[in-house]
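Asks: Have a look at this fold, sequence not included:
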């Protein structure tokens, strides 16, 4: 197997298994040795080391690595043991066990899967492991007794043959329970007619008697209680506040509950959904008009957003200024929602004094080219000597301004990273001056910060891991802090960004497993309960997205949400639109506190691999302060065919 897969395998062991407190060196070494990609169809191998189950054909899945490790650990499998696995599937778990135990027998009901698994085991040379086709509920009497038995599908009761095929002192690990929840149960044989049981953790598997299907990977938390009368769906239905249509003048009034916050963050579970943009526009209009919010900050680049800022403040475009937001994905900020919103903000500003003006700002770091041009333009006008120095400092960046990712790759092998010290030094100098002044110097300083962050971002992105994500979200958080500080002690901000940025990362796999932080977490840590994080979700409809980065825009059908997701719970209420508040201690916060899957669609959407490309586990009430739901949504329309007509200054800022 390739070096790339070996590296991914080592990272899987570190984060997904050792990172969840599985410390047995025999288990960790077994997972390091067995190539998970070898047990997957070719078109799924790129996802081999995701923290999730994956399809293997026949409607079955390969188990989540952590679940396999947890079961092996609970069974106490050791060198010299003989082991039976029931529900072999692809053969992956049996292969891992074979790297620890003396002999492994695995039973698979589907003959096709059993044949494929046996071939894989043979090709890998694991001679102490055999896969047979048959009914696993009966065990394997010919090879009994076993030191350990693992069952990879749920059952209402423990099959008696499996209990009796244990050696005295042997252990059986099996998920027992009904459809909604099972306990991973440990059964130890202590005598000829004696067994003791212990529940280990709540899990979700599919049935043992329905084709021996392995678990679906969405292992639950430990806060389930049979004493709770209302289901999560009933709690949501009871506590959600139904919303009128977005065009209704009362739509945004539900969000008055958060009008006293210093920062209100409005999310989206996709970058291409019309309802999310239209709803955020309506909420933003309401908050700036009625509740004193003056800062609008978006997941977009500072120099591009500056063109929108100048428009809503009634200023003329800069000479030879390119149209903003023309880089992929153009529909994020050049869509049919934005002109109406910017026009309304412009009208509001016309009736306000300079100290009460609404501003529109970008938090992101991608447009390094635009920021370099903005800094040099400012310095040419205000400090020509500094402009000359800046041109020299930025000289090693200029070959890659239009394609900064190329710079990142070159920096690793050619030493271009030395640009950073000079760029950072100028950034600090400009920022210090700007925070003491008014006017254009602040914008120049923000652009200088972007150059500094982008230089580091495009360099470290080639190392992979959490570093590039963390740098990007740290930059966005710091930019927001500068904006709010600049606005004074009464300044209030509205943020538009993806759920993955505004939902507290500590309540998701990105924080708990991948050690990534995000904008919402960092702002919460700074301002505490002065912040409102509001996520947005949907069940089905259409979305504007591409298949690959830089690809053509497409209108794609969204798969209906999975039954093991928060989205399905919301859909099951039958309420088409609602706002669900999630205050600590509420019934909703309590009943939704078990980890479930949540869907994340960015500018890329691949419905054919949606579970592994777009779902991640989270704890919704810890992630957001509220959740805004639209059961069915539609694709966001770009401006390509809908450019506004008759705007001042040649339809600035959109152009024709």
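Replies: Everything's here; your move. Keep in mind it's a predicted model, so treat the numbers as computed, not measured.

Asks: Residue ranges of each domain in the protein, please.
Replies: 3-203, 365-490 (automatic domain parsing).

Asks: Out of the ones you listed, name the one with the poorest average pLDDT.
Replies: Across the domains of the chain, domain 365-490 has the smallest mean pLDDT, namely a mean of 57.

Asks: Straight-line length of that one, end to end?
Replies: End-to-end distance for domain 365-490, by CA to CA, to the nearest Å: 27 Å.

Asks: buried stuff in stretch 309-324?
Replies: By neighbour count with 16 or more other CB atoms under 10 Å, stretch 309-324 contains the buried residues 309, 310, 311, 312, 313, 317, 321, 323, 324. (Each C-beta comes from the backbone N, C-alpha and C, glycine too.)

Asks: got it, and stretch 187-201?
Replies: Across stretch 187-201, burial judged by 16+ other CB under 10 Å covers 187, 188, 189, 201.

Asks: for stretch 119-135, same thing?
Replies: Neighbour-count burial for stretch 119-135 flags 120, 121, 124, 126, 129, 130, 131, 132, 133 (criterion: 16+ other CB under 10 Å).

Asks: Which of the residues you listed fall within helices?
Replies: Counted as lying in helices by DSSP state H, out of the buried residues of stretch 119-135, are 120, 121, 124.

Asks: picking up where we left off before, among the buried residues of stretch 309-324, show me the least confident.
Replies: Within those, pLDDT is lowest for residue 321, at 63.

Asks: how about the helices in the stretch 151-300 of the chain?
Replies: With DSSP state H, counting those that start in this stretch as the criterion, the stretch 151-300 of the chain has helices at 160-164, 232-239, 274-290.

Asks: My error: substitute the stretch 401-550 of the chain in the last question.
Replies: According to DSSP H, counting those that start in this stretch, the helices that the stretch 401-550 of the chain contains are 404-414, 419-434, 440-460, 467-487, 499-502, 509-512, 519-527.

Asks: quick one, the longest strand anywhere in the chain and helix 519-527 angle?
Replies: For the chain, the longest strand by residue count, based on DSSP state E, is strand 531-545. Angle of strand 531-545 versus helix 519-527, following axes from the mean of the first three to the mean of the last three CA atoms, to 10 degrees, is 170 degrees.

Asks: which pair in the buried residues of stretch 187-201 spans the largest distance?
Replies: Maximum pairwise distance among these (CB to CB): 21.3 Å, between 189 and 201.

Asks: any idea how far the closest residue to residue 58 other than its chain neighbours lies from residue 90?
Replies: Nearest residue to residue 58 in three dimensions, chain neighbours excluded: residue 110, at 4.9 Å (CB to CB, 6 or more residues apart in numbering). From residue 110 across to residue 90, the span is 11 Å (CB to CB, to the nearest Å).

Asks: more crowded one of those two?
Replies: residue 90 (27 against 21; other CB atoms under 10 Å).

Asks: So the more buried one belongs to a helix, correct?
Replies: No: using DSSP: H, G, I helix; E, B strand; the rest coil, the secondary structure at residue 90 is coil, not a helix.

Asks: Quick check: phi and psi at it.
Replies: phi -80, psi -20 (degrees, to the nearest 10).

Asks: That one against residue 62, yeah?
Replies: Yes: between residue 90 and residue 62 a contact is recorded at 4.6 Å, counting by CB atoms under 8 Å.

Asks: what touches both of the two?
Replies: Listed as contacting both residue 90 and residue 62 by CB atoms under 8 Å, 6 or more residues apart in numbering are 39, 40, 56.

Asks: Would you enumerate the residues in contact with the second one?
Replies: Right, the one you point to is residue 40. 47, 48, 54, 56, 62, 90 are the contacts of residue 40 under CB under 8 Å, 6+ apart.

Asks: who wins for most neighbours among those residues?
Replies: Most surrounded of the contacts of residue 40: other CB under 10 Å gives residue 90, at 27 neighbours.

Asks: Enumerate every residue touching that one.
Replies: Counting by CB under 8 Å, 6+ apart, the residues that residue 90 touches are 39, 40, 56, 60, 62, 113, 116, 117, 120.

Asks: With secondary structure and distance to residue 531 as added columns, please give the residues you listed in a markdown table.
Replies: Shown next, in a markdown table, are these (DSSP: H, G, I helix; E, B strand; the rest coil; distance: CB to CB, whole Å):
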| residue | secondary structure | distance to residue 531 |
| --- | --- | --- |
| 39 | helix | 44 |
| 40 | coil | 41 |
| 56 | strand | 43 |
| 60 | strand | 44 |
| 62 | strand | 40 |
| 113 | helix | 49 |
| 116 | helix | 51 |
| 117 | helix | 50 |
| 120 | helix | 50 |
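
Asks: Please name the bridge partners of the residue nearest to residue 166 when sequence neighbours are not counted.
Replies: Of all residues beyond its chain neighbours, the one nearest residue 166 is residue 189 (4.2 Å), with distances taken as CB to CB, 6+ apart. Beta bridges link residue 189 to residue 195 when assigned by DSSP bridges.

Asks: Quick check: residue 189 vs residue 75, distance?
Replies: Taking CB to CB, one finds residue 189 at 12 Å from residue 75.

Asks: Then residue 165?
Replies: Taken as CB to CB, the span from residue 165 to residue 75 is 14 Å.

Asks: Good, we can wrap up now.
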